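**Q** What would the 3D arrangement of this be:
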Amino acid sequence: MAVTRMPLAKALNTSLRTALETDPKVLIMGEDVGKLGGVFRITDGLQKDFGEDRVIDTPLAESGIVGTAIGLALRGYRPVVEIQFDGFVFPAYDQIVTQLAKMHARALGTVKMPVVVRIPYGGGIGAVEHHSESPEALFAHVAGLKVVSPSNSSDGYWMLQQAIQSDDPVIFFEPKRRYWDKGEVDTEAIPGELHKARVARTGTDLTLAAYGPMVKVCLEAAAAAEEEGRSIEVVDLRSVSPIDFDTIQSSVEKTRRLVVAHEAPVFFGSGAEIAARITERCFYHLEAPVLRVGGYHAPYPPARLEEEYLPGLDRVLDAVDRALAY
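**A** Just a heads-up that it's a prediction; the model follows:
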C-alpha cells in the first residue's frame, strides 16, 4: 500500500502529476499555473517537469480560458482549467453554461466534453472581495454539469483523478481553507465512486450532511455533541450534482432527523434541494423538520467580519439542538 500523509494541496498536486504522467492528452491551463505554480501552489513544479505545452500560463481572461478548453476537448484533449478564485469564474459563466454544459446534448451524445474546471472556493482565509465566495448552487442548477467538492486529502487525490477521466464536464470546487489540513492518501486504493456520498461518522440520533469545508466543522460538532450524550451521524456528500440521496435517506431513516450545512447562503442553496427531496422520501420517518445551516443572504463581508458570516461550530450545534428538541 502506498499510503502517505499529506495536505489537501499536496494531494491535488500529486493527482495532477499522476494524470499528466498517465495520459498525454491531459493539459493544465490557467492564470499563473506554470512558472508560479498557482496562487495556492497546486500546480507547483508541473510546468518545469512537463513543459509549457502541457502546463500553460494563460492571459487573465477566464472566458478565453474555458473557451479554449472546450475547443481542445473537441479535438480529443482532456484540459484541466484552473480558475484562480471563486469570484473570478463569472466571466467564464457564459462559456460554461451555454457551451460546455450543452454540447453533449446538442450533439445527441456524439460529442464528449472531458473538461475539468478547478475552482478554489469558500472563506476562512481573510481574503478581499471576490476571493471567498461559494457559488456551487449556480453550477449545480445547470443540467449537463457535474459538481463535486472534496473535504479531505484522500478525496482530493482520487476525486480529481476521477473527474479528469470522466467524459462529462466537471466543476471541481476545492475548499481553500482546507488546503493545509493533512490526511492519509492511499494512491493505490480508490475510496469510492465520484458521486457517492460517504458516512464520515456513524450515529443514531441525528444526521449532519455537508460537503467541502463544512465536513470538518460537522465532525467537530458531532464530537462536541457526544460529550452531552448525543450520537450524531455525519455524511460527507462529496458531490453536489448529482447528489447521492440514497445514502442520505438511509441515514435519515435511522436517525429520523437531518441538518444540512454549507458555507453558501441558505436561500436557494443546495441544502434547500436536499431538504425538499429528503422530506419527500422520508416524510413518515422524520421526527423534526429538516434544518439548514449556511451563510447569510448577503454579499460576502470584509475579512474582519467573515467569522460572523461563516457558519461555525456554534451555529451547527444550535441547529442540532433545535432539531433534537422536537
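
**Q** In this structure V116 contacts Y77, no?
**A** No - proximity of V116 to Y77 does not meet the contact threshold set by CB atoms under 8 Å, at 11.6 Å. The way it works is simple: take the backbone N, C-alpha and C, and place the C-beta from them, glycine included.

**Q** More neighbours: the two, which one.
**A** Relative neighbour count places V116 above the other of V116 and Y77, with 27 against 18, counting by other CB atoms under 10 Å.

**Q** Distance check, the closest residue to K196 other than its chain neighbours against P7.
**A** Take K196 and drop its neighbours on the chain: the residue closest to it by CB to CB, 6 or more residues apart in numbering is D244, 5.5 Å away. When CB to CB, to the nearest Å is the yardstick, D244 and P7 sit 26 Å from each other.

**Q** all strands in this protein, in order from the N-terminus.
**A** Along the chain, the segments classed as strands by DSSP state E run 3-7, 26-30, 55-57, 78-82, 116-121, 146-148, 170-175, 182-186, 198-201, 206-210, 232-236, 239-241, 258-265, 291-295.

**Q** Buried deepest among the ones you listed, which one?
**A** Ranked by mean neighbour count, the strands of the chain are led by strand 206-210 with a mean of 29 (mean count of other CB atoms under 10 Å).

**Q** partners of it, with directions?
**A** According to DSSP bridges, the neighbouring strands of strand 206-210, each with its direction, are strand 232-236 (parallel), strand 258-265 (parallel).

**Q** which other residues reach the shortest one?
**A** Strand 232-236 is contacted from outside by 151, 155, 197-211, 215, 218-219, 221-222, 225-226, 247-248, 251, 254-255, 320, using CB atoms under 8 Å, 6 or more residues apart in numbering.

**Q** Which members of these occur in helices, if any?
**A** Secondary structure assignment (DSSP state H) places 155, 215, 218-219, 221-222, 225-226, 247-248, 251, 254-255, 320 from these within helices.

**Q** Reformat the strands paired with strand 206-210 as TSV; add distance to P311 and mean pLDDT.
**A** What follows is the strands paired with strand 206-210, written out as TSV (distance: least, CB to CB, whole Å; pLDDT from 0 to 100):
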stretch	distance to P311	mean pLDDT
strand 232-236	15	98
strand 258-265	6	98
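
**Q** could I get those as a markdown table with distance to H130?
**A** Below are the strands paired with strand 206-210 laid out as a markdown table (distance: least, CB to CB, whole Å):
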| stretch | distance to H130 |
| --- | --- |
| strand 232-236 | 28 |
| strand 258-265 | 15 |
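
**Q** Relative to L313, which of the ones you listed is closest?
**A** Ranking the strands paired with strand 206-210 by proximity to L313 (CB to CB) places strand 258-265 first, at 10.6 Å.

**Q** Report the inter-axis angle for that closest one versus strand 170-175.
**A** Angle of strand 258-265 versus strand 170-175, following axes from the mean of the first three to the mean of the last three CA atoms, to 10 degrees, is 90 degrees.

**Q** Might you report the residue contacts of V116?
**A** Going by CB under 8 Å, 6+ apart, V116 touches 78-81, 160, 163-164, 166, 169-170, 172.

**Q** And for G312?
**A** V217.

**Q** where does the stretch 1-150 of the chain have low pLDDT?
**A** For the stretch 1-150 of the chain, residues meeting the criterion pLDDT under 70 lie at 1.

**Q** Which helix runs longest in the protein?
**A** The longest helix of the chain (DSSP H) is helix 8-22.

**Q** Give me the nearest residue to M159, chain neighbours excluded.
**A** With CB to CB, 6+ apart as the measure, P150 is the residue that lies nearest to M159, at 4.9 Å, once sequence neighbours are left out.

**Q** One more: E308?
**A** Among residues not flanking E308 along the chain, P301 sits closest, at 7.3 Å (CB to CB, 6+ apart).

**Q** The one you found: neighbour count?
**A** The number of residues packed near P301 is 17, by other CB under 10 Å.

**Q** Correct me if wrong: it contacts L310.
**A** No - applying CB under 8 Å, one finds P301 not in contact with L310, separated by 9.6 Å.

**Q** And the pLDDT at the residue nearest to A2 when sequence neighbours are not counted?
**A** Excluding its sequence neighbours, the residue lying closest to A2 (CB to CB, 6+ apart) is T187, at 4.6 Å. Per-residue confidence for T187 comes out at a pLDDT of 91.
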